[in-house]
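**Q** sequence and computational prediction follow.
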Amino acid sequence: MTTILVTGATGQVGRRFVPRLVQWASAEETVRVLVRDEQRGAAFAAMGAEVVLGDLREEADRAKALAGADQVVNVAAAFRGVPDEEAWAVNRDAAIALGREARDAGVRRFVQTSTNLVYGPGHGRPAHPEDVPAPHAAWGVYPTSKAEAEAGLRALDGLPLVTVRLAFVYGEGDPHLENVGRFIADWPAHRLLQMVHHADVGQALYRALRTPGVEGRNYNAADDAPTTAWDLHRLNGTTFPPANADLPVTDPWDGIADNLSLREELGWRPIYPSVWTARDAGAL
């Protein structure tokens with residue numbers, strides 16, 4: 001029997017990834033989730049997952065979750081709107097501790113979920129998975145804490161690490177897209193946001209978990225057609241601020257990431273190569 005531990009199961013990514021993973025798992029595999037709330041954990045138990053109650057920040061709870069685990073997918077993240085100290089504690093400290101303990105427990109694969117915001121601007125091209133992370137302070141603590149988590153995990157000798165950096169995640173009722181207006185309020189009409197649908201996040205994480213021989217690799221999960229600020233307003237039915245129409249874009253590649261290695265090495269193909277494909281399919 002194989003046990004796959006998923007953290008962050010109740011977050012926007014986790015709650016959409018876990019049902020997919022349960023569906024894709026074989027009869028010899030158990031999907032285990034670490035959750036803090038028993039009531040929210042019941043939904044995962046009903047779909048066939050094993051539920052461990054606990055907090056990722058607590059060593060004893062991590063030990064319970066890791067007991068007998070063969071593979072780990074760390075989806076947990078403290079995102080925007082949380083105190084900085086919580087972001088550091090979850091995104092960096094708990095992730096590194098989980099990685100260290102997973103290595104010591106002998107896990108065969110550790111998939112770390114990160115963000116394309118770790119790259120920062122100034123590359124003069126789409127960010128490549130092997131670029132050195134240099135997050136921009138404008139995005140706050142989140143990308144910096146994720147970048148430091150990556151560095152800490154890479155420093156753990158013997159950890160079979162695969163990192164998947166996600167673009168702006170949306171779809172399947174996630175309010176992320178609906179709330180994007182506050183982040184792009186001062187963007188020029190033609191500034192681009194690279195996105196990735198939850199269905200494509202799910203298959204990227206699954207392939208990172210399954211593909212042999214890719215330990216130590218980083219991958220960008222991002223769609224093929226970044227979306228303009230103008231179109232994001234159209235998608236949300238909001239009026240584009242006229243004053244922004246002719247503002248200059250100082251770095252047209254800021255936030256844009258190259259997904260070629262994910263395609264070539266893991267065989268990933270986006271189900272929704274653009275937000276318009278997802279819109280037409282009723283998958284927003």
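**A** In hand now; what should we look at?

**Q** which residue ranges of the stretch 51-200 of the chain form helices?
**A** Along the stretch 51-200 of the chain, counting by DSSP state H, counting those that start in this stretch, helices occupy 59-66, 84-87, 95-105, 141-154, 198-210.

**Q** which of those comes out lowest on mean pLDDT?
**A** Within those, the stretch with the lowest mean pLDDT is helix 84-87, showing a mean of 94.

**Q** show me what that helix is packed up against.
**A** With contacts defined as 3 or more Cβ pairs under 8 Å, 6 or more residues apart in numbering; DSSP states H and E, helix 84-87 has these neighbours: helix 141-154. Every C-beta, even on glycine, is put in place using the N, C-alpha and C of the backbone.

**Q** picking up where we left off before, for residue 133, find the nearest of the helices of the stretch 51-200 of the chain.
**A** Of all these, helix 141-154 sits nearest to residue 133, with 4.0 Å by Cβ to Cβ.

**Q** list the contacts of the closest residue to residue 90 other than its chain neighbours.
**A** In space, not counting the residues next to it along the chain, residue 90 is nearest to residue 78; the distance is 4.0 Å by Cβ to Cβ, 6 or more residues apart in numbering. Contact partners of residue 78, counting by Cβ atoms under 8 Å, 6 or more residues apart in numbering, are 86, 87, 89, 90, 91, 142, 145.

**Q** closest one of the residues you listed to residue 177?
**A** When these are compared for distance to residue 177 (Cβ to Cβ), residue 142 wins out at 17.6 Å.

**Q** reformat the helices of the stretch 51-200 of the chain as CSV; add mean neighbour count and distance to residue 250.
**A** Output for the helices of the stretch 51-200 of the chain, formatted as CSV (neighbours: other Cβ atoms under 10 Å; distance: least, Cβ to Cβ, whole Å):
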stretch, mean neighbour count, distance to residue 250
helix 59-66, 17, 42
helix 84-87, 15, 27
helix 95-105, 20, 32
helix 141-154, 22, 18
helix 198-210, 22, 29
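
**Q** make a markdown table from these and add distance to residue 11 to it.
**A** Formatted as a markdown table, the entries for the helices of the stretch 51-200 of the chain read as follows, by distance: least, Cβ to Cβ, whole Å:
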| stretch | distance to residue 11 |
| --- | --- |
| helix 59-66 | 16 |
| helix 84-87 | 13 |
| helix 95-105 | 14 |
| helix 141-154 | 13 |
| helix 198-210 | 11 |
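
**Q** out of the ones you listed, which is closest to residue 247?
**A** Across the helices of the stretch 51-200 of the chain, residue 247 has its closest neighbour in helix 141-154 (23.3 Å, Cβ to Cβ).

**Q** elements contacting the closest one?
**A** Helix 141-154 makes packing contacts with helix 84-87, helix 95-105, strand 109-115, strand 161-166 when contacts are defined by 3+ Cβ pairs under 8 Å, 6+ apart.

**Q** rewinding a little: which of the helices of the stretch 51-200 of the chain sits closest to residue 48?
**A** Residue 48 lies closest, by Cβ to Cβ, to one member of these: helix 198-210, at 16.3 Å.

**Q** and the contacts of the closest one?
**A** In contact with helix 198-210 (Cβ under 8 Å, 6+ apart) are residues 4, 12-13, 16-17, 20-21, 24, 71, 73, 75, 109, 111, 113, 162, 164, 166, 169-172, 174, 196, 214, 219, 221, 223, 262, 266-268, 270-272, 283.

**Q** mind listing what residue 23 touches?
**A** Residues counted as contacts of residue 23 (Cβ under 8 Å, 6+ apart): none.

**Q** just want the angle from the host helix or strand of it to strand 109-115.
**A** Assigned by DSSP states H and E, residue 23 belongs to helix 14-24. Going by axes from the mean of the first three to the mean of the last three Cα atoms, to 10 degrees, helix 14-24 is angled at 150 degrees with respect to strand 109-115.

**Q** list the buried ones in helix 14-24?
**A** For helix 14-24, the buried set under the neighbour-count rule, 16 or more other Cβ atoms under 10 Å, comprises 14, 15, 16, 17, 18, 19, 20, 21, 22.

**Q** ok, stretch 180-195 next?
**A** The neighbour-count check on stretch 180-195 (16+ other Cβ under 10 Å) flags 180, 184, 187, 188, 189, 190, 191, 192, 193, 194, 195 as buried.
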